[in-house]
Every structure is written in C-alpha cells, then in structure tokens.
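> Sequence and predicted structure, then a few things I'm wondering about:
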Amino acid sequence: MTGIIGILPDLGWMLRPLTEIPGVRHAVVVSEDGLRLGHASAENLSGPVARLSVAEAESLSAACAAMTMTGRSTAALLFGGGGAVRQLMLESEHGFVLFTHAGTGAHLGVATDTAADVGLVAQQMQLLVAKIGAHLTSRPRDEARDQSDHRPDDHDQPVTPPS
C-alpha cells in the first residue's frame, strides 16, 4: 500500500495577532502528534532565538506535543481519565511558554519573555482559538488517507480553500 503525503498549509499568518502582544516572542500551531502547522515570531527580537527557523519551529512543535501529552498523562494519573487538559504553562528564568488546546488534534504554543502579561497572553490565545479554531483543527491521518482513496463522482463539488 502506498500512501500520499499532502502538503500541510502553513497557518503561521493566523498567529500574527499573538506576536504583536508586548512580551510575546514566538507562537506555534502544532498537530497532536507534533507536526508544525505554522509558526510566527515577533518583529525586531534580539537574543539567542530572534526568529524561529522552520527547523527550530519543528523542534518546538515536537516539544509542545510532548509537554501536552505529559500534561494529559499527569492529569489522568491525579484526577482519573476523561478530563481534557485545557492549558499548560512552563516558567523559566527567561520567560514563559503557554500551551492550549486549539481544535481537534491541534495545540497552540506561545513563548514570552519575563515581562509579558501572561494573563493577557492566555486570554488572547483563547480568543484566537475561538475565532479561528476550525482552521487550527488537524484532521486525523487515517481520515486524510481515506479521503485520498475517494474517487469523485457526478455529485462531488469542488472545494475552494479559504483565502
């Protein structure tokens, strides 16, 4: 059986409002299994990671997915199964990283410096997810594969991607 690997659309443009918040450095949209769906960096940053490269964003995506799964496992251990993890926050001496659920199979991660208002950042993350959560949803791979096996017929209509 041969598989088809589709090109995922880069959703980084959706993250621009988050990177305009004072103190926000980077934002990334991640599939549940750690694939980068999009990323953005704030303008005019300095420091060790002034702008996320694709390779750095892919590494951050994998780390976000791992943190999310660790959070889910910890919550299940402490509170029993069935409850979804809504948010995670990591604090370091250099800043914060916030993670939140961003649609079916997708997560949103935002890195800030220490001066950021993390309450405002978390609120804006939730507002962004509410506005564009459908675009942040990552289809399961089996569903994508099933659709690639689909043969069009007279009833199929072309689908126009959002502009």
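Okay, I see it.

> residue ranges of the strands in the protein, please?
Using DSSP state E, the strands of the chain run over residues 24-31, 36-41, 87-92, 95-101, 106-113.

> Identify the single longest helix in this structure, thanks.
helix 54-79 (DSSP state H).

> ok, residue 124 - contacts?
17, 18, 21 (C-beta atoms under 8 Å, 6 or more residues apart in numbering). Where you see a C-beta, it was placed from the backbone N, CA and C, and this is true even at glycine.

> Let me know the distance separating the spatially most central residue of the chain from residue 14.
In the chain, the C-alpha nearest the mean C-alpha coordinate belongs to residue 29, at 2.1 Å (C-alpha atoms, centre = their mean). Distance of residue 29 to residue 14, computed by C-beta to C-beta, to the nearest Å: 7 Å.

> And residue 118, by the same measure?
For residue 118, the distance to residue 14 equals 20 Å [C-beta to C-beta].

> Residue 30 now?
13 Å.

> Name the residue in the two with the higher neighbour count.
residue 30 (30 against 21; other C-beta atoms under 10 Å).

> low-scoring stretches of this structure, by residue?
Counting by pLDDT under 70, the chain has low-confidence residues at 1-11, 82-83, 134-163.

> How many residues are close by the spatially closest residue to residue 118 that is not a sequence neighbour?
Nearest residue to residue 118, sequence neighbours excluded (C-beta to C-beta, 6 or more residues apart in numbering): residue 96, at 5.3 Å. Applying other C-beta under 10 Å, we find 20 residues neighbouring residue 96.

> Many thanks, I have nothing further to ask.
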